[in-house]
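**Q** Below: sequence and its predicted model.
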Amino acid sequence: MEQHVIKRFRLWLLMPLLIVSLSLSANVKYILLPDKPQGCILDNYKLSTDNLYGIKKSVELFSLTFIDGIAIDRNKLDQHKDLNLILIAVLPDLEGNRDWTEIHLDSIKNDTIPHQYLKRLLGANTYADFDKTYGAKTKYLDEYQIIRKIGNKYYSSKHCLIQFFAIRNRPSIFQNMFGTINIEQEPLKITEMEAIFKKRYPHEEFPAYTIGNTPYDYPTFDYLRDRREYLSKVVKFKNGKMGYQFWTYTDWHTHDHELEVDRGIDRFIYVPGKGIVGGSFDFYFYFHRKKLPIKYSGFLNNVKEEKVMIAPEFKV
């Protein structure tokens with residue numbers, strides 16, 4: 001009896017320490033974007049959300065392209081078939097008007113991590129190590145915020161999504177794991193994939209169209225096995241650059257009160273040497289749909305027609 005009381009007393013003593021530990025582990029971490037990236041390429045674009053989601057806001061994209069252990073030159077990227085790309089998307093504040101907030105570096109010095117940490121995070125989310133165990137999570141929303149310097153001041157993002165891509169350009173016969181950009185794939189539009197799917201599964205709902213579904217709908221989508229990015233088409237821009245538009249084959253399966261973060265940038269345009277220059281973030285805007293004029297049919301139409309936001313410097 002006495003030992004039991006002592007154990008319970010020790011547990012009560014440890015509880016505050018446990019709570020503190022958990023709160024510290026839940027703290028947002030900050031990543032300071034380098035002014036002059038070394039050994040990698042950093043591209044930045046701003047996308048208007050007006051045409052796609054009916055609201056005058058913007059999404060800001062940062063693409064960090066690199067090769068582990070090798071310094072790369074933007075003008076010589078054609079020499080490399082295998083690259084890594086970290087996409088950082090600053091999503092708009094739909095509750096207010098502050099996408100960025102001024103911040104003092106001293107106030108977050110204990111929660112700031114080097115941008116090199118992102119490269120380690122990429123390895124943990126792109127199947128880079130054959131001897132590791134990987135879970136379903138590959139994207140991070142608001143767990144990390146980026147800090148940028150404008151003039152002499154520093155600003156922190158409010159809503160930040162980070163995801164990772166392995167760029168592996170090779171014929172379609174090679175496997176394309178989830179999180180792979182491959183511009184040498186045979187193009188396949190989402191409507192073409194729908195026809196193939198319905199022929200094989202005539203009584204099932206096409207996964208890409210299950211927007212608004214919940215776990216209670218008993219989806220049959222083979223989540224870990226079937227997710228991947230498909231090349232849809234090649235786009236020639238007025239500036240002479242060639243873009244490659246992709247769509248993500250996955251379903252909708254979370255509760256209404258949850259953000260379906262693992263969808264990430266579900267459609268996007270990649271330009272070699274320029275990073276990701278356009279895309280869509282349906283998971284984020286559908287979650288906030290009550291604040292938008294776009295309805296369910298509008299979201300579904302955007303998916304079927306593969307509509308994306310594009311940076312102004314990359315107009316067709």
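**A** Structure received.
**Q** So what's the residue count around Asn213?
**A** 18 (other Cβ atoms under 10 Å). C-beta: built from backbone N, CA, C; applies to glycine.
**Q** For it, list the residues it contacts.
**A** Counting by Cβ atoms under 8 Å, 6 or more residues apart in numbering, Asn213 touches Glu205, Pro219, Asp251, Trp252, His253.
**Q** Report pLDDT for the first one.
**A** At Glu205 the predicted local distance difference test score is 93.
**Q** With the fourth one instead?
**A** In the predicted model, Trp252 carries a pLDDT score of 93.
**Q** give the contact list for it.
**A** Counted by Cβ under 8 Å, 6+ apart, Trp252 has contacts Thr210, Ile211, Gly212, Asn213, Glu260, Arg263.
**Q** Which of the three states applies to it?
**A** Of the three states, Trp252 takes coil under DSSP: H, G, I helix; E, B strand; the rest coil.
**Q** Then Gly243?
**A** The three-state label given to Gly243 by three-state DSSP is strand.
**Q** residues in contact with it?
**A** So Gly243 contacts Val234, Val235, Lys236, Phe237, Ile269, Tyr270, Val271, Val277, Gly278, Phe314 (Cβ under 8 Å, 6+ apart).
**Q** Likewise for Phe299?
**A** Applying Cβ under 8 Å, 6+ apart to Phe299 gives the contacts Ile211, Asp282, Phe285, Tyr286, Arg289.
**Q** quick one: the nearest residue to the first one once chain neighbours are set aside from Tyr296, how far?
**A** In this case it means Ile211. Nearest non-adjacent residue to Ile211, counting by Cβ to Cβ, 6 or more residues apart in numbering: Trp252, 5.1 Å away. Remark: distance between Trp252 and Tyr296 (Cβ to Cβ, to the nearest Å) = 12 Å.
**Q** any common contacting residues for the two?
**A** The contact sets of Trp252 and Tyr296 overlap at Ile211, Gly212 (Cβ under 8 Å, 6+ apart).
**Q** returning to that earlier point: could you identify the buried members of the contacts of Asn213?
**A** Listed as buried from the contacts of Asn213 are Glu205, Pro219, Asp251, Trp252, His253; burial here means 16 or more other Cβ atoms under 10 Å.
**Q** Might one say that the second one is in contact with Thr254?
**A** Spelled out, that is Pro219. No - in this structure, Pro219 is not within contact of Thr254 by Cβ atoms under 8 Å, at 10.7 Å.
**Q** hey, where'd the helices end up in the stretch 1-150 of the chain?
**A** Secondary structure of the stretch 1-150 of the chain (DSSP state H, counting those that start in this stretch): helices at 2-25, 50-53, 116-123.
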